[in-house]
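Chemist: quick one, structure for this:
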Amino acid sequence: MEETQTIQQMCATFGVTPRTLRFYESKELLFPKREGTRRLFTRRDSARLKLILRGKRFGFSLEEIRQLLDMYDIGDGQVTQFQETYRIACARLEDMERQRDELNEAIDELKAQLDWGRQLLHQKTRATD
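Modeler: Numbers count the residues shown, from 1 in each chain. Down below sits the predicted model:
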C-alpha cells in the first residue's frame, strides 16, 4: 500500500496552508487521491510540492513549473526536464542578478540623498541656533 499524507500533514510538512494545496491542485500541479471528501497526497505529490515551492522561491511562474513537472514522464530519463530546468534557471539567475544590481544602484542613490539631506538639516539647524 502506498504511503499517503492528509492535507493537514502536508501543510505541517511544507509550511503551507490547505488553501495553497487546493490552489496547486486546481492548477493541475498536484493530483491527490480522493477518499470521499478527503485528499490523500502521495510521495509523488510531496516531491512535486517540494519542486513547486522551490521554483516559486526562485521566481519561476506556475506555468513554467507545470511544464517542467509535466516533462518528468517523457521517457528520456528526465534529460529534457533537466535541460529545460537548467535553461530557465539560468535565465532567472540573470534576471535576479540584474534586479540586484538595479536595487544596489537605488540603495546607493538613496544613501547619497540621505547624506545630502542630513548635511542640509545640520546646516539649517546650526543657522537657527
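
Chemist: how close does the residue most central in space within the chain get to residue 116?
Modeler: By Cα atoms, centre = their mean, the mean C-alpha position of the chain lies nearest to residue 56, the distance being 1.8 Å. Residue 56 is 39 Å from residue 116, where distance means Cβ to Cβ, to the nearest Å. No exception for glycine: its C-beta is placed from N, CA and C like everyone else's.

Chemist: next: residue 93.
Modeler: Noted for residue 93: a distance of 35 Å to residue 116, by Cβ to Cβ.

Chemist: packing partners for the biggest helix by length in the chain?
Modeler: In terms of residue count, the longest helix belonging to the chain (DSSP state H) is helix 79-128. Packing partners of helix 79-128 (3 or more Cβ pairs under 8 Å, 6 or more residues apart in numbering; DSSP states H and E): helix 62-70.

Chemist: the helix it packs on vs helix 79-128, what angle?
Modeler: Interaxial angle, helix 62-70 versus helix 79-128 (axes from the mean of the first three to the mean of the last three Cα atoms, to 10 degrees): 150 degrees.

Chemist: what comes into contact with helix 62-70?
Modeler: Helix 62-70 is contacted by residues 27-29, 48, 51-52, 55-56, 60, 81, 84-85, 88 when judged by Cβ atoms under 8 Å, 6 or more residues apart in numbering.

Chemist: can you spell out the domain ranges of this structure, please?
Modeler: Annotated domains of the chain cover 1-60, 74-129 [automatic domain parsing].

Chemist: pLDDT weak spots in the chain?
Modeler: Applying pLDDT under 70 to the chain flags residues 1-2.

Chemist: try it again with 80
Modeler: Scanning the chain for pLDDT under 80 picks out 1-2, 129.

Chemist: among the domains of the chain, which is the most enclosed?
Modeler: Comparing the domains of the chain by mean neighbour count (mean count of other Cβ atoms under 10 Å), domain 1-60 comes out on top with a mean of 15.

Chemist: now it, how far from the centre of its chain.
Modeler: Distance of domain 1-60 from the chain centroid (Cα atoms, centre = their mean, to the nearest Å) equals 15 Å.

Chemist: start the count at 14 instead of 1 going forward.
Modeler: Yes, from this point I'll number from 14; that puts the last item at domain 14-73.
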